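**Student:** Fold the following, please.
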Amino acid sequence: STTGQGAPPDGAAKFFRHIKKRAHPATLLQGWRYGVLALGDTNYDQFCKPGKVLDKRLAELGAKRLVTGPENVPGEHGGPCGAADDAE
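**Tutor:** Here you go, the predicted model:
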């Protein structure tokens, strides 16, 4: 979720600070497979920013995305529109 001006929720702040450190090697998360579910309200300028930041950073550190899906799906009931990519 997003709080304030696109900040991660309080419970995830420590994790975000750690994962965003530039000292990590590009292979830190090699072998990891992940999915990010970012929920929010498109009326806000920083819509789903923490999810987008996390997705990008995990990939930069060598993790491989399990699923992809649409961004900025209009309406409250977009449903599970994503498609599994290379999911085993």
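**Student:** contacts, neighbours, all on C-alpha from now
**Tutor:** OK.
**Student:** what ranges do the strands span in the protein?
**Tutor:** 33-34, 64-65, 67-68, 83-84 (DSSP state E).
**Student:** Low-confidence ranges, this protein, go.
**Tutor:** Applying pLDDT under 70 to the chain flags the ranges 1-3, 69-88.
**Student:** Spatially nearest residue to the residue nearest to the spatial centre of it (excluding sequence neighbours)?
**Tutor:** With distances taken as CA atoms, centre = their mean, Gly51 lies nearest the centre of the chain, 3.0 Å away. Of all residues not flanking Gly51 in the chain, Ala38 sits nearest, at 4.9 Å (CA to CA, 6 or more residues apart in numbering).
**Student:** Please list all residues in contact with that neighbour.
**Tutor:** Residues in contact with Ala38, defined by CA atoms under 8 Å, 6 or more residues apart in numbering, are 1, 48, 50-52.
**Student:** Could you dump the strands of the chain into JSON lines with distance to Ala12 and mean neighbour count added?
**Tutor:** Below are the strands of the chain laid out as JSON lines (distance: least, CA to CA, whole Å; neighbours: other CA atoms under 10 Å):
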{"stretch": "strand 33-34", "distance to Ala12": "16", "mean neighbour count": "14"}
{"stretch": "strand 64-65", "distance to Ala12": "20", "mean neighbour count": "18"}
{"stretch": "strand 67-68", "distance to Ala12": "22", "mean neighbour count": "16"}
{"stretch": "strand 83-84", "distance to Ala12": "26", "mean neighbour count": "12"}
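**Student:** Show me what the longest helix belonging to the chain is packed up against.
**Tutor:** Of all the segments of type helix in the chain, defined by DSSP state H, the longest one is helix 49-60. The contact analysis (3 or more CA pairs under 8 Å, 6 or more residues apart in numbering; DSSP states H and E) places helix 49-60 against helix 13-19.
**Student:** so what does the helix it packs on touch, helix or strand wise?
**Tutor:** Helix 13-19 packs on helix 49-60, going by 3+ CA pairs under 8 Å, 6+ apart.
**Student:** what does the helix it packs on contact?
**Tutor:** 1-2, 6-8, 16, 19-20, 26, 29, 35-38, 64-65.
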